[in-house]
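Asks: Generate coordinates for the sequence data below:
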Amino acid sequence: MQEIKLREDFIKLGQAIKAAGLVSSGIEAKVVIQNGEVLVNGEVDERRGRKLYDGDIVEFNGEQIKIVG
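Replies: Below is the predicted model of the structure:
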């Protein structure tokens with residue numbers, strides 16, 4: 001499981017999966033999120049701008065990212 005360290009209070013979902021290297025571009029992030037391929041805390045979330053906070057878990061394509069403060 002990768003960890004993304006917050007620099008501010010939150011990171012947006014699209015930014016997080018791009019920062020973790022799970023997608024190669026913001027466009028790709030938008031597509032996979034809107035297609036329902038990304039889970040946040042075990043539930044599908046289709047909002048690219050979803051704010052992620054300390055403790056949130058993102059899953060995509062068999063990979064997990066943990067957001068840490």
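Asks: Flag every buried residue along the longest strand along the chain.
Replies: Counting by DSSP state E, the longest strand found in the chain is strand 63-68. Residues 65, 67 are the ones in strand 63-68 that count as buried (16 or more other Cβ atoms under 10 Å). (C-beta placed from N, C-alpha, C; glycine too.)
Asks: what's in contact with it?
Replies: By Cβ atoms under 8 Å, 6 or more residues apart in numbering, the surrounding residues in contact with strand 63-68 are 1-6, 11, 16-17, 20, 22, 52-59.
Asks: can you do 7 Å?
Replies: With contacts defined as Cβ atoms under 7 Å, 6 or more residues apart in numbering, strand 63-68 is touched by 1-6, 11, 16, 20, 22, 52-58.
Asks: looking only at pLDDT, what's the mean for the longest helix seen in the chain?
Replies: Scanning the chain for the helix with the most residues, using DSSP state H, yields helix 26-34. The predicted model assigns helix 26-34 a mean pLDDT of 96.
Asks: Show the secondary-structure elements that it is packed against.
Replies: Contacts defined by 3 or more Cβ pairs under 7 Å, 6 or more residues apart in numbering; DSSP states H and E place helix 26-34 against helix 13-19.
Asks: Give me the packing partners of the helix it packs on, helices and strands only.
Replies: With contacts defined as 3+ Cβ pairs under 7 Å, 6+ apart, helix 13-19 has these neighbours: helix 26-34, strand 38-40, strand 57-60.
Asks: re the thing from before, sort out which of the contacts of strand 63-68 are in helices and list them.
Replies: Counting by DSSP H, the part of the contacts of strand 63-68 found in helices is Ala16.
Asks: Filter the contacts of strand 63-68 down to the buried ones and hand me the ChimeraX line.
Replies: Applying 16+ other Cβ under 10 Å to the contacts of strand 63-68, the buried members can be selected in ChimeraX as follows:
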select :4,11,16,20,22,52,56,58
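Asks: burial measure for the nearest residue to Arg50 once chain neighbours are set aside, as a count.
Replies: Nearest residue to Arg50, sequence neighbours excluded (Cβ to Cβ, 6 or more residues apart in numbering): Leu13, at 4.2 Å. Look at Leu13: counted by other Cβ atoms under 10 Å, it has 25 neighbours.
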